[in-house]
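**Q** fold the stuff below for me.
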Amino acid sequence: MRSIDLNCDMGESYGRYILGRDEELMPYLTSVSLACGFHAGDPVVIQRTVENAVKHNLAIGAHPGYPDLQGFGRRKMEMTPEEVEAMVLYQIGALWGFIRSIGVEMTHVKPHGALYNQAAEDYQLAKAIISAVRRFSRNLTIVGMAGSILVTIGLDMGMKIAQEGFVERGYLANGRLMPREYPGSIIHDPVKAAEQAVRLAKEGINIQQENLPENIQIDTLCIHGDSPNALDVAIAVRSALEEAGIIIKNFAA
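**A** Numbering: from 1, shown residues only. Reported below is the predicted structural model:
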């Protein structure tokens, strides 16, 4: 029977600024990717989010991004592969300290925002990210956009991979996410997000390569925790997946 992981990006509050309803979302998820302080998150936020994730028995991964608090890591930056590798390794290590302090293990690494999107297309950037993860631990799973260069290089370098789909984002014909400024790029209706979740879990993503369609199986589905209606989406998605007979479990289980 088909199974799927249901993940959410979390720990993205900072100081006095609260973003997302993290703990309310956790009962509907199987894994979380936590900001590591560069695009969002501070030490106290990271610590509390790790503790809550453990309480809810969720797989915990790092969500490293560009050092861009003001832009929330969604703006492209020009960095050398050496800089990217060191930056990602630094953030993994920061989160790992909190995770290990309470006796659990990190399961995965998922790049954030512009870093994630660039790594889907940029060979050198993707390789730098994977090299950082590999240096830290070959047991970690790399979460990447389905059919992306990050996924291909990760497999070539012998890493475990989880191919990701998005329940509340629109897709282009080539299987890439629609830019956020495009009409229809964000799916606000929880019912439509749930329908997309079931479709992605069952059918995967159709990607056009040299005019030949290819379906990529999805291992994990993402809900953006910073969306205003993220809780409604999570409830609808979880219910729809269960009604469709899809087993919901984390990819580290």
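
**Q** in the stretch 1-150 of the chain, mark out all the helices, start to finish.
**A** 22-25, 43-55, 81-101, 113-119, 123-136, 149-156 (DSSP state H, counting those that start in this stretch).

**Q** please identify the most buried of these.
**A** helix 113-119 (a mean of 23; mean count of other C-beta atoms under 10 Å). In short, each C-beta sits where N, CA and C put it, glycine included.

**Q** what segments of the chain are strands?
**A** Under the criterion DSSP state E, the chain carries strands at the ranges 3-10, 31-35, 59-63, 108-109, 141-145, 160-166, 205-209, 212-216, 220-224, 247-248.

**Q** what's next to the last one, contact-wise?
**A** Spelled out, that is strand 247-248. Taking contacts as C-beta atoms under 8 Å, 6 or more residues apart in numbering, the residues outside strand 247-248 that touch it are Met1, Arg2, Ser3, Ile4, Asp5, Leu6, Thr30, Arg238, Leu241, Glu242.

**Q** any chance of those in JSON lines, plus pLDDT?
**A** Output for those, formatted as JSON lines (pLDDT from 0 to 100):
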{"residue": "Met1", "pLDDT": "71"}
{"residue": "Arg2", "pLDDT": "86"}
{"residue": "Ser3", "pLDDT": "93"}
{"residue": "Ile4", "pLDDT": "97"}
{"residue": "Asp5", "pLDDT": "98"}
{"residue": "Leu6", "pLDDT": "97"}
{"residue": "Thr30", "pLDDT": "98"}
{"residue": "Arg238", "pLDDT": "97"}
{"residue": "Leu241", "pLDDT": "97"}
{"residue": "Glu242", "pLDDT": "96"}
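
**Q** Pro183 is nearest to which of the helices of the stretch 1-150 of the chain?
**A** helix 113-119 (18.8 Å; C-beta to C-beta).

**Q** so who does the closest residue to Pro27 other than its chain neighbours touch?
**A** Leaving aside its chain neighbours, Pro27 sits nearest to His56 (6.3 Å; criterion: C-beta to C-beta, 6 or more residues apart in numbering). Neighbour list for His56: Glu23, Met26, Pro27, Leu29 [criterion: C-beta under 8 Å, 6+ apart].

**Q** wait, the second one touches Asn57, no?
**A** The reference is to Met26. No. With contacts counted by C-beta atoms under 8 Å, Met26 stays clear of Asn57, the gap being 9.2 Å.

**Q** what residue ranges in the chain score low on pLDDT?
**A** 209-213 (pLDDT under 70).

**Q** for the residue nearest the centre of it, what are its contacts?
**A** What sits nearest the mean C-alpha location of the chain, by C-alpha atoms, centre = their mean, is Lys110, with 4.9 Å. Contacts for Lys110 (C-beta under 8 Å, 6+ apart) come out as Asn7, Asp9, Ser33, Gly61, Ala62, His63, Tyr116, Ile142, Val143, Gly144, Glu164.

**Q** looking at Met26 and Asn57, which is more packed in?
**A** More crowded of Met26 and Asn57, by other C-beta atoms under 10 Å: Met26, with 21 against 10.
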